[in-house]
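S.K.: With the input below, show me the fold.
(one chain, ligands or ions: 1)
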Amino acid sequence: MDEIFDLMIIGGGPAGYTAALYGARAGLSVGLLEKLAPGGQMGTTDMVDNYPGFPEGVNGFELAMKMKAGAERFGAKTISAEAIALELSGDIKTLKTSRETYTARTVILATGAQPRELGLPGERELRGRGISYCATCDGMFYRGKTVAVVGGGNTAVADALYLSRICEKVYLIHRRDKLRAPQVQQQNLEKAGNVEFIWDSTVKELLSEQRLSGLIAENKHTLERRELRCDGVFVAVGQVPETGLFKGQVELDGSGYVVAGEDCRTSIPGVFAAGDLRAKPLRQIVTAASDGAVAATAAQEFLDM
Ligand code: NAP
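M.R.: Below is the predicted model:
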């Protein structure tokens with residue numbers, strides 16, 4: 001492709017599409033690479049309750065489509081392709097994708113994060129046969145059944161609440177006796193009536209025949225092991241950043257997050273990081289959107305220099 005974009009964004013979650021909106025509204029030519037559906041992790045969230053402006057909450061995919069439409073209204077171009085190799089150091093950055101190679105003067109990295117695995121034997125083999133990382137994607141397969149959710153953060157609690165409306169019974173297995181998610185969320189789960197909390201416990205074993213049939217949870221204080229029969233296990237134990245492609249080019253911290261301050265500037269001039277892949281204290285849709293605005297503005301300033 002001959003066109004050199006002013007700004008190329010990798011990733012179409014809330015950070016990426018907010019950056020696209022700000023970049024395009026500032027008059028930059030903007031391309032956005034998205035390998036799957038828009039929205040990133042937000043796109044698979046049933047109900048987002050804490051993004052301002054939606055008093056009744058909003059479906060994550062619907063919000064993603066609105067963000068995409070908002071950016072495209074000002075001329076941002078979505079390119080459905082996966083970035084597979086990057087050359088970021090020069091004045092003109094090169095982005096090789098599954099379709100073709102693109103060039104840009106500035107780049108915003110907004111590839112987000114992916115669910116972390118439990119790391120148990122059989123976990124990968126049982127994916128799609130009882131193990132899931134996305135309640136809103138797969139919850140319907142477990143209508144009227146018994147499932148377990150592992151984790152104590154916002155994702156685990158949102159998943160457990162969502163599944164409590166579909167499933168007969170939901171176990172919430174958390175390694176401590178206090179949720180990381182806000183207290184009000186625990187009250188919502190208690191109100192559901194069919195959620196049983198398994199505190200201070202970790203999953204030691206996944207049980208299966210043709211597909212997952214249960215798990216063994218161990219209490220970390222008593223070391224008592226309990227077998228829980230269930231049809232599905234929804235793993236919600238945090239995320240790992242999607243930064244493998246940038247390794248060796250952009251500075252990453254010990255956990256693999258891109259090192260970039262509140263101005264979103266990375267270790268490479270003209271390359272910015274926005275959203276969940278950036279090392280920062282709070283990963284929310286609203287902070288991803290905020291990063292997108294900051295990063296696009298920084299890119300514009302860089303181009304004006
Ligand atoms: P998270 O906040 O990092 O929580 C991960 C949970 O999994 C924690 O409770 C953690 O336990 C537990 N955990 C981690 N590793 C584990 C392991 N190996 N075995 C068992 N348990 C393990 O992750 P998240 O819930 O996916 O959320 C990620 C970010 O997205 C957060 O900033 C969150 O606030 C945000 N988020 C926001 C919304 C929303 O606003 N609607 C929805 C979803 C996520 P400990 O508590 O003991 O560390």
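S.K.: From now on I want contacts and neighbour counts done on CA atoms only, so please keep to that.
M.R.: Noted.
S.K.: any idea how far the residue in the chain sticking out farthest from the centre lies from residue 286?
M.R.: Taking C-alpha atoms, centre = their mean, the residue of the chain most remote from its mean C-alpha position is residue 222, at 34.4 Å. Distance, residue 222 to residue 286, by C-alpha to C-alpha, to the nearest Å: 40 Å.
S.K.: picking up where we left off before, what's the separation between the residue farthest from the centre of the chain and residue 193?
M.R.: Taken as C-alpha to C-alpha, the span from residue 222 to residue 193 is 27 Å.
S.K.: same check, this time on residue 55
M.R.: Residue 55 is 25 Å from residue 193, by C-alpha to C-alpha.
S.K.: before we move on, what about residue 140?
M.R.: 19 Å.
S.K.: Over to residue 221?
M.R.: 26 Å.
S.K.: can you check residue 4 too?
M.R.: For residue 4 relative to residue 193 (C-alpha to C-alpha), the value is 57 Å.
S.K.: Which one of the two is surrounded by more residues?
M.R.: residue 4 (18 against 11; other C-alpha atoms under 10 Å).
S.K.: Which residues are in contact with that one?
M.R.: 102, 103, 104, 105 (C-alpha atoms under 8 Å, 6 or more residues apart in numbering).
S.K.: residues from the stretch 101-250 of the chain in reach of the ligand?
M.R.: 118, 151-156, 175-176, 180, 202, 236-239 (C-alpha under 6 Å from any ligand atom).
S.K.: Select only the buried ones of those in PyMOL?
M.R.: Buried residues within those, by 16 or more other C-alpha atoms under 10 Å, are selected in PyMOL with:
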select buried, resi 118+151+152+153+154+155+156+175+176+180+202+236+237+238
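S.K.: What ranges does the stretch 101-250 of the chain have for its strands?
M.R.: 101-109, 113-115, 131-132, 146-150, 169-173, 195-198, 201-208, 212-219, 225-229, 232-235, 239-241 (DSSP state E, counting those that start in this stretch).
S.K.: ok now the first one, how far from the chain's centre?
M.R.: Meaning strand 101-109. Between the centre of strand 101-109 and the centre of its chain there are 22 Å (C-alpha atoms, centre = their mean, to the nearest Å).
S.K.: And that strand, what does it pack against?
M.R.: strand 4-10, helix 14-25, strand 93-97, strand 271-273, helix 285-304 (3 or more C-alpha pairs under 8 Å, 6 or more residues apart in numbering; DSSP states H and E).
S.K.: Any chance of a markdown table for the ones you listed, columns mean pLDDT and distance to residue 259?
M.R.: Listed next are the helices and strands packed on strand 101-109 as a markdown table, based on pLDDT from 0 to 100; distance: least, C-alpha to C-alpha, whole Å:
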| stretch | mean pLDDT | distance to residue 259 |
| --- | --- | --- |
| strand 4-10 | 98 | 17 |
| helix 14-25 | 98 | 16 |
| strand 93-97 | 97 | 19 |
| strand 271-273 | 98 | 8 |
| helix 285-304 | 97 | 13 |
